[in-house]
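*Asks:* 3D, please:
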Amino acid sequence: MFKKLSKNRSLSRSRSKRKRRIIIACCVIFLLWIVGFFAFYTFSIPHNKSQEKNLKSQYANITHTDAIVVLTGGMGRINFGFNLLKKNLSSKMLISGVYRANTVKTILRYNKDYPKDALQRISLGYDARNTHGNAIEAKKWMDKNHFTSLRLVTAYYHMPRALMFFKNVMPNIKIATTPVYLHNKIKGFRVVELLFIEYTKYSFWKVYFTLSNLL
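*Replies:* You can find the predicted model right below:
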């Protein structure tokens with residue numbers, strides 16, 4: 001009788017200890033996630049004129065790459081790619097994740113200030129449905145053209161996750177990044193919401209790739 005009682009007490013104590021450890025672990029993970037999100041928010045967008053000035057100088061010092069890869073899904077990305085192409089910072093450009101009904105001519109009709117030889121220099125990718133698909137689509141195009149370096153163009157909040165996928169799919173390709181900043185058009189809570197969703201996705205895939213490499 002007494003042995004049973006002592007055994008039950010020890011079991012309940014071990015269970016309560018286990019619960020505490022789980023709660024503490026969850027709290028630590030949550031705190032780390034919050035700290036990470038604030039860091040992501042702080043460094044993802046320019047918050048003052050000094051940071052904006054640094055961005056402009058960064059854009060001014062862009063180097064040449066074999067190709068430009070633009071990911072669809074946000075404002076200003078394609079036009080930004082056109083500007084890079086016009087400056088001859090690359091010979092070819094891939095727009096990945098395009099709706100199947102669109103052609104290069106259709107895209108040029110809705111995006112102004114494109115290079116004169118755009119039809120010969122721009123390729124469209126129709127297969128990608130997500131960021132991982134963008135990376136796979138870009139790899140096939142890069143291999144086909146025997147390119148060894150690319151400049152990735154996407155929204156500033158999307159860049160960390162996109163770069164992670166591209167590096168995973170193309171570890172031997174040199175990848176330069178040019179994030180597109182449209183913080184003046186996306187304001188207030190919408191900015192926080194976008195970064196919250198994107199950071200959650202980024203965190204999930206970061207953990208996934210880290211564990212995959214360890215196992």
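*Asks:* how would you label Pro115: helix, strand or coil?
*Replies:* Three-state call for Pro115 (DSSP: H, G, I helix; E, B strand; the rest coil): coil.
*Asks:* now do Thr178
*Replies:* strand.
*Asks:* what stretches of the protein score poorly on pLDDT?
*Replies:* Within the chain, the segments meeting pLDDT under 70 span 1-14, 41-61, 182-188.
*Asks:* what's the helix or strand for the closest residue in space to Asn102 that isn't next to it in sequence?
*Replies:* Among residues not flanking Asn102 along the chain, Leu124 sits closest, at 7.0 Å (Cβ to Cβ, 6 or more residues apart in numbering). (Glycine included, C-beta is placed from N, CA and C.) Per DSSP states H and E: Leu124 is located in strand 122-125.
*Asks:* Repeat that for Val192.
*Replies:* helix 189-214.
*Asks:* Buried residues in that helix, which are they?
*Replies:* For helix 189-214, a neighbour-count test (16 or more other Cβ atoms under 10 Å) marks Leu194, Leu195, Glu198, Tyr199, Tyr202, Ser203, Trp205 as buried.
*Asks:* Would you agree the last one is in contact with Pro160?
*Replies:* Yep, that's Trp205 we're talking about. No. Applying Cβ atoms under 8 Å as the test, Trp205 and Pro160 come out as separate, 9.8 Å apart.
*Asks:* what packs against the next helix-or-strand element following the strand holding Leu124?
*Replies:* Later in the chain than strand 122-125, the nearest helix or strand by DSSP H and E is helix 131-145. With contacts taken as 3 or more Cβ pairs under 8 Å, 6 or more residues apart in numbering; DSSP states H and E, helix 131-145 sits against strand 67-71, strand 92-96, strand 122-125, helix 159-169.
*Asks:* which one of those is the most hemmed in?
*Replies:* strand 67-71 (a mean of 26; mean count of other Cβ atoms under 10 Å).
*Asks:* which outside residues touch that one?
*Replies:* When contacts are defined by Cβ atoms under 8 Å, 6 or more residues apart in numbering, strand 67-71 is touched by residues 77-78, 80-81, 84-85, 89-97, 131, 134, 138, 141-142, 145, 147, 149-154, 158, 162, 166.
*Asks:* What residues are bridge-paired with the residue nearest to Asn102?
*Replies:* Ile95 (DSSP bridges).
*Asks:* show me what contacts it?
*Replies:* Leu94, Ile95, Val98, Asn102, Thr103, Val104, Ile107 are the contacts of Leu124 under Cβ under 8 Å, 6+ apart.
*Asks:* Surely the third one touches Gly73?
*Replies:* Spelled out, it's Val98. No. Here Val98 does not reach Gly73: they are 10.5 Å apart, not a contact under Cβ under 8 Å.
*Asks:* More neighbours: these two, which one.
*Replies:* Remark: of Val98 and Gly73, Val98 carries more neighbours, 22 against 14, as counted by other Cβ atoms under 10 Å.
*Asks:* Make sure that one is indeed in a strand.
*Replies:* No. Val98: not assigned to a strand; according to three-state DSSP it is coil.
*Asks:* For it, give me phi and psi.
*Replies:* phi -90, psi 140 (degrees, to the nearest 10).
*Asks:* In space, what's closest to it - neighbours in sequence excluded?
*Replies:* Val98 sits nearest to Leu124 (Cβ to Cβ, 6+ apart), 4.6 Å away.
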